[in-house]
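Asker: sequence and predicted structure, then a few things I'm wondering about:
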Amino acid sequence: MNARRESEATPMKNRTTVERKSERELVVMRTFNGPARLVFEAWTKPELFKQWWVPKSMDMFLRSCEMDVRVGGRYRLVFGHDESNPAEFFGRYIEVTPHSRLAWTNEESGDGGPVTTVTFEEKGGKTLLVLHELYPSKEALDEAGTGAADAMSETFEQLDELLVTLGASQGRS
Amino acid sequence: MVQYPSRLDASFSALSDATRRGVLEQLGRSDASITDLAEKFHMTLTGMKKHVGVLEHAGLVTTKKVGRVRTCKIGPRRLEEATAWIERYRQLWDARFDELDRVVEELKRKEKIDERKKRE
């Protein structure tokens, strides 16, 4: 009963699903409450892309975002608060079909980067977005996953440190 | 750490089957014998033994035979290891897409205003 009342009060949030389709593939899916035309626009105009690619919870700062959205065109995202310690992500678009399909390479870590394909499928004013990442090998995907797991334990370590600091300052007061 | 990827592999292939995911969910609620599981999932004993074997090999389930009954229980923490990074990845995209939702709403709103202006 409670759940029903809540979903009436706020529109239902669409679910994001992630699945490892095979040894080399990851698939992310989500439906958006708008036409494909607009969702596609948000992926291909830098000024819009910047508004959502880095959620607040990520604690990263997107310093610049260049996108030349056409087949063979390059993109470059630069993260980091200062120039001394930047993190860059770059590659080039290999497929651009307005409102339905986008694909690009991820070249920041050399040849071992995945190819990302995004499809936009409109149905009844809503858009099903499917993001597909194809890694060159099973090992590359495992490594990416292990990297994510490591990043997570790093976050926990930071939290631990923060708790120690907070505990210490509380002890003093 | 060296063993990590291969253990992940076994876990992932074990989790690629809907029945085995169902069995894990079931064992997450309570321990069960192979007979119980076979009945619950409308399978033969032999079929269920095979599924449990795959889960056991991946370290997701442990089994113990007492008398004539083999009891299955969920393996310690292995499921968390296998799914932790996928869940972390999902959370990142979920947060990203929540923001994208907002951008799409904003674009829809602007479009409506523009249409209204055109009509005037």
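Answerer: Nice, thanks for sending it over.

Asker: so how far is chain B from A:Phe79?
Answerer: For A:Phe79, the distance to chain B equals 14 Å [CB to the nearest CB, to the nearest Å]. The C-beta positions use only the backbone N, C-alpha and C, and glycine is treated the same way.

Asker: OK, contacts around that residue?
Answerer: The neighbours of A:Phe79, taking CB atoms under 8 Å, 6 or more residues apart in numbering or on different chains as the test, are A:Val54, A:Met60, A:Phe61, A:Leu62, A:Arg63, A:Pro86, A:Ala87, A:Glu88, A:Phe89.

Asker: phi first, then psi, for the fifth one.
Answerer: Phi and psi for A:Arg63, reported as degrees, to the nearest 10, are phi -80, psi -40.

Asker: do A:Lys45 as well
Answerer: Backbone geometry at A:Lys45, expressed as degrees, to the nearest 10, gives phi -110, psi 120.

Asker: now for it: which residues touch it?
Answerer: Counting by CB under 8 Å, 6+ apart, A:Lys45 touches A:Met67.

Asker: include pLDDT and secondary structure when you put the contacts of A:Phe79 into TSV, please.
Answerer: Listed next are the contacts of A:Phe79 as TSV, based on pLDDT from 0 to 100; DSSP: H, G, I helix; E, B strand; the rest coil:
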residue	pLDDT	secondary structure
A:Val54	87	coil
A:Met60	76	coil
A:Phe61	83	coil
A:Leu62	88	strand
A:Arg63	89	strand
A:Pro86	73	coil
A:Ala87	82	strand
A:Glu88	89	strand
A:Phe89	91	strand
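
Asker: check the secondary structure at A:Arg70 for me.
Answerer: Taken by DSSP: H, G, I helix; E, B strand; the rest coil, the conformation at A:Arg70 corresponds to coil.

Asker: shouldn't it be in contact with A:Glu95?
Answerer: No. Applying CB atoms under 8 Å as the test, A:Arg70 and A:Glu95 come out as separate, 10.3 Å apart.

Asker: distance of the spatially most central residue of chain A from chain B?
Answerer: Nearest residue to the geometric centre of chain A (CA atoms, centre = their mean): A:Trp53, 6.2 Å. From A:Trp53 across to chain B, the span is 6 Å (CB to the nearest CB).

Asker: hang on, that residue packs against A:Tyr75?
Answerer: No. Under the criterion of CB under 8 Å, A:Trp53 is not in contact with A:Tyr75, lying 11.1 Å apart.

Asker: tell me, what's touching those two both at once?
Answerer: Shared contacts of A:Trp53 and A:Tyr75 (CB under 8 Å, 6+ apart): A:Cys65.

Asker: out of the contacts of A:Phe79, who's the most crowded?
Answerer: Compared across those, A:Val54 has the highest neighbour count, 19 neighbours, by other CB atoms under 10 Å in any protein chain shown.

Asker: identify the residue nearest it in space, chain neighbours excluded?
Answerer: A:Leu62 (4.7 Å; CB to CB, 6 or more residues apart in numbering or on different chains).
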